[in-house]
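> Sharing a model that was predicted from the sequence below.
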Amino acid sequence: MKKNRTIALLSLVAFGAVSAAQAAPNKDASTEPDVSRAVRETLERLPYYGVFDILNYQVNENGTVELGGYVYRDTLKEEAEEAVSKVAGVKQVVNRIEELDWGVLDDEIRAKVYLNIYRDSFLSRYGTAADQALANGVGYGPRGRFGVFGHMGIGNPYFPGFNPAGDYAIHILVTNSEVILVGEVDSVGDKHLAGMKARGVFPVKKVFNELTVRGEKKEPGQHTEPTVKPGKRGVVVIAD
């Protein structure tokens, strides 16, 4: 199945009246406003936007675009603002993108969770062509499936700055050894499998599975998962 891009799907960024329904990339192209579509496509094309980042946007009627989300590569914040400012019809950019903290332990967790999810033969379809190839046995060296990382543009995951870029449906946010999974998958089974893969990584303290299921609608009164965001001392629950 074709995976889904995840820009502006999230309830992670709580500024103004940001609505997933207003900015979701799954809208029919004929109904999505031109400026909104151009902003989305611009963000999607950022060369260093990767699996450890998540971007959100809101286009206002006066031509102001509000950017939100969390980035692992610090320069991505400025790159996103600069790119969106050049979109026709955009008059002003308000940049509320936040930079994720990083450290040796969190970087190790990022790498391990990424490998657990995107080297899985079933979940790899939510990644890039390189992930799918590696999950299916292409490019493995003599040390085995996870022993060699130099093939097909995938660098050493334990080196600072490792951030696989491209079209990832499952984004991995890490803060203080806690993990948030964000994005959209095809089924509840895929959601649970991704959560299980993340929880299987040591030394992850806790996993917040914020993945949504394509086409799933909540019944009135049905419990919804808490909205969360990365914080300095771990994941912060910002709504019930």
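Yep, that arrived.

> Dihedrals phi and psi, Val71?
phi -130, psi 140 (degrees, to the nearest 10).

> Contact partners for it?
By CB atoms under 8 Å, 6 or more residues apart in numbering, the residues touching Val71 are Asp53, Leu55, Lys77, Ala80, Ile97, Glu98, Glu99, Leu100. (C-beta placed from N, C-alpha, C; glycine too.)

> how about 10 Å then?
With contact set as CB atoms under 10 Å, 6 or more residues apart in numbering, Val71 has these partners: 46, 48-50, 52-55, 77-80, 97-100, 163, 173.

> Ala198 now?
Taking CB under 10 Å, 6+ apart as the contact definition, Ala198 lies against 109, 112-114, 116-117, 170, 172, 174, 179-181, 204, 206-209.

> Look at it and report its pLDDT.
According to the prediction, Ala198 has pLDDT 98.

> Any stretches of the chain with poor pLDDT?
Of all residues in the chain, those with pLDDT under 70 make up the ranges 1-31, 137-162, 218-226, 239-240.

> Break this structure down into its domains, please.
Domains of the chain are assigned by automatic domain parsing as 20-99, 104-239.

> for this protein, longest helix please?
helix 104-118 (DSSP state H).

> Give me the helices and strands touching whichever helix or strand comes after that helix, please.
The element immediately downstream of helix 104-118 (helix or strand, assigned by DSSP states H and E) is helix 129-135. For helix 129-135, the elements it packs on are helix 104-118, judged by 3 or more CB pairs under 10 Å, 6 or more residues apart in numbering; DSSP states H and E.

> CA atoms only: put the helix it packs on into PDB for me.
What follows is the C-alpha trace of helix 104-118 in PDB, where atoms were taken according to Å, rounded to 0.1, in the frame of the first residue of the first chain:
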ATOM      1  CA  VAL A 104      24.400  10.200  23.400                       C
ATOM      2  CA  LEU A 105      21.600   8.100  25.000                       C
ATOM      3  CA  ASP A 106      18.800   9.700  23.100                       C
ATOM      4  CA  ASP A 107      20.700   9.400  19.900                       C
ATOM      5  CA  GLU A 108      21.300   5.700  20.500                       C
ATOM      6  CA  ILE A 109      17.500   5.300  21.200                       C
ATOM      7  CA  ARG A 110      16.600   7.100  18.000                       C
ATOM      8  CA  ALA A 111      18.900   4.800  16.000                       C
ATOM      9  CA  LYS A 112      17.600   1.600  17.600                       C
ATOM     10  CA  VAL A 113      13.900   2.500  17.300                       C
ATOM     11  CA  TYR A 114      14.400   3.500  13.700                       C
ATOM     12  CA  LEU A 115      16.200   0.200  12.900                       C
ATOM     13  CA  ASN A 116      13.600  -1.800  14.800                       C
ATOM     14  CA  ILE A 117      10.700  -0.300  12.900                       C
ATOM     15  CA  TYR A 118      12.100   0.300   9.400                       C
END
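
> In three-state terms, how would the residue nearest the centre of the chain be classified?
The geometric centre of the chain, computed from its C-alpha atoms, lies nearest to His171 (CA atoms, centre = their mean), at 2.9 Å. Here His171 is recorded as strand under DSSP: H, G, I helix; E, B strand; the rest coil.

> Could you check how far it is from Val104?
When distance is defined by CB to CB, to the nearest Å, His171 is 21 Å away from Val104.

> Ok, Thr128 next?
Relative to Val104, and taking CB to CB, Thr128 is found at 26 Å.

> now the strands for the chain?
Remark: strands of the chain, listed N- to C-terminal, are 54-59, 64-71, 92-95, 98-99, 170-175, 178-185, 206-209, 212-213, 227-229, 236-239; assignment by DSSP state E.

> circling back: may I see the PyMOL selection of the buried members of the contacts of Val71?
PyMOL command restricting those to the buried ones, with burial defined by 16 or more other CB atoms under 10 Å:
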select buried, resi 46+48+49+50+52+53+54+55+77+79+80+97+100+163+173
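
> Noted, bye for now.
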